[in-house]
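Participant: here are the coordinates; sequence isn't available:
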């Protein structure tokens with residue numbers, strides 16, 4: 001059965017099933033044309049009116065098998081096309097708005113993270129700055145009170161001579177490379193910061209005993225002396241290290257800093273390039 005015949009049968013059956021109202025009037029006006037046969041374009045226009053009615057009166061679907069044949073037949077007028085186009089446009093618009101919102105949220109988060117990192121780190125070495133080192137240290141000491149932590153102060157020996165002899169640009173390079181050496185030697189969750197000039201602080205968290213901190217400091221001492229910096233033309237650098245232990249020597253940043261600084265002073269007085277504990 002071709003499409004035209006399906007259309008004619010469907011229209012005719014629907015009209016005959018109507019007992020009054022809108023469809024009955026349509027039958028009276030157009031019965032002759034429907035029965036005698038008209039063009040498919042005309043039938044489609046008439047069928048559109050009937051389909052709109054059927055959508056609101058589901059009993060026609062149950063009564064007439066032709067409706068099942070016709071339900072997948074596309075009958076689209078200009079108005080339908082515009083409505084369909086608007087739906088697609090709105091769907092695309094909504095998706096674009098969602099993507100834009102997600103992009104803005106992502107960019108804001110990324111910018112906030114960058115600003116936070118900038119506020120927390122030392123611009124030259126990328127390590128924690130002085131304030132963040134202090135805050136992170138106090139945070140660890142307050143949350144892990146029963147654990148053993150090592151507080152190390154590291155100071156470069158004769159750094160003034162490097163600045164005077166090679167220039168401040170080379171001095172900055174030395175500090176940058178030493179900062180990278182600290183990141184390579186200590187654990188990722190240890191606190192490593194530059195607190196000013198050529199002075200650094202390392203907090204080794206949750207260690208078993210003081211001897212572990214001393215051994216790590218000795219390792220750093222050796223690797224620093226072996227570290228080659230081409231800008232120094234073969235000259236080596238050295239550091240002195242002072243160590244204090246928490247909670248034995250203090251339970252806050254300032255107390256540990258004072259004790260470790262005293263140990264550092266003892267290392268300097270003893271000839272530099274060495275490790276001393278409080």
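Facilitator: Nice, thanks for sending it over. Here the structure is a predicted model, which is why all the values come from computation and not from measurement. Numbering: from 1, shown residues only.
Participant: alpha carbons only for contacts and neighbour counts from here, please
Facilitator: Will do.
Participant: worst-scoring helix or strand of this structure, pLDDT-wise?
Facilitator: Taking mean pLDDT, DSSP states H and E as the measure, the helix or strand of the chain with the lowest value is helix 21-36, at a mean of 46.
Participant: neighbours of residue 160, how many?
Facilitator: By other C-alpha atoms under 10 Å, 15 other residues sit near residue 160.
Participant: what's the distance between the residue nearest to residue 250 when sequence neighbours are not counted and residue 216?
Facilitator: In this structure, residue 250 finds its nearest non-sequential neighbour in residue 256, 5.3 Å apart by C-alpha to C-alpha, 6 or more residues apart in numbering. Applying C-alpha to C-alpha, to the nearest Å, the value for residue 256 to residue 216 is 18 Å.
Participant: looking at the two, which has the bigger crowd around it?
Facilitator: More crowded of residue 256 and residue 216, by other C-alpha under 10 Å: residue 256, with 25 against 14.
Participant: list of residues touching the host helix or strand of that one?
Facilitator: Of the helices and strands defined by DSSP states H and E, residue 256 is found in helix 253-269. By C-alpha atoms under 8 Å, 6 or more residues apart in numbering, the residues outside helix 253-269 that reach it are 134, 137-138, 151-155, 240-246, 249-250, 273-278.
Participant: go again using 7 Å as the cut-off
Facilitator: 134, 137-138, 151-153, 240-244, 249-250, 274-278 (C-alpha atoms under 7 Å, 6 or more residues apart in numbering).
Participant: looking at these, which are in strands?
Facilitator: 151, 152, 153, 240, 241, 242, 243, 244, 275, 276, 277 (DSSP state E).
Participant: is the first one bridged to anything, and to what?
Facilitator: Spelled out, it's residue 151. For residue 151, the beta-bridge partners are residue 203, residue 244 (DSSP bridges).
Participant: the closest residue to residue 192 other than its chain neighbours: neighbouring residues, count only.
Facilitator: Sequence neighbours aside, residue 202 is the residue nearest to residue 192 in space, at 4.6 Å (criterion: C-alpha to C-alpha, 6+ apart). A total of 21 residues lie near residue 202 under the criterion other C-alpha under 10 Å.
Participant: how many residues are close by residue 135?
Facilitator: The burial count for residue 135: 13, using other C-alpha under 10 Å.
Participant: now for it: which residues touch it?
Facilitator: Residue 135 touches nothing, counting by C-alpha under 7 Å, 6+ apart.
Participant: which residues touch the helix or strand encompassing residue 161?
Facilitator: In this assignment (DSSP H and E), residue 161 forms part of helix 159-166. Contact with helix 159-166 is made by residue 171, as judged by C-alpha under 7 Å, 6+ apart.
Participant: pLDDT of it, averaged?
Facilitator: For helix 159-166, the mean pLDDT works out to 91.
Participant: kindly report the same for stretch 266-278.
Facilitator: 93.
Participant: what comes up buried for that stretch?
Facilitator: 266, 267, 268, 272, 273, 274, 275, 276, 277, 278 (16 or more other C-alpha atoms under 10 Å).
Participant: from residue 258, how far out is residue 159?
Facilitator: Distance, residue 159 to residue 258, using C-alpha to C-alpha: 22 Å.
Participant: what does residue 270 give?
Facilitator: Counting by C-alpha to C-alpha - residue 270 and residue 258 are separated by 19 Å.
Participant: before we move on, what about residue 212?
Facilitator: The gap separating residue 212 from residue 258 is 21 Å, by C-alpha to C-alpha.
Participant: what of residue 123?
Facilitator: With C-alpha to C-alpha as the criterion, residue 123 and residue 258 are 26 Å apart.
Participant: can you check residue 188 too?
Facilitator: 25 Å.
Participant: out of these two, which sits in the more crowded spot?
Facilitator: Higher neighbour count among residue 188 and residue 258: residue 258, with 16 against 9, using other C-alpha under 10 Å.
Participant: point out where this protein drops to low pLDDT.
Facilitator: Residues of the chain that meet the criterion pLDDT under 70 lie in 1-85, 117-118.
Participant: where exactly do the helices run in it?
Facilitator: Per DSSP state H, the chain carries helices over the ranges 3-17, 21-36, 40-56, 59-63, 65-70, 78-120, 130-143, 159-166, 168-185, 210-226, 253-269.
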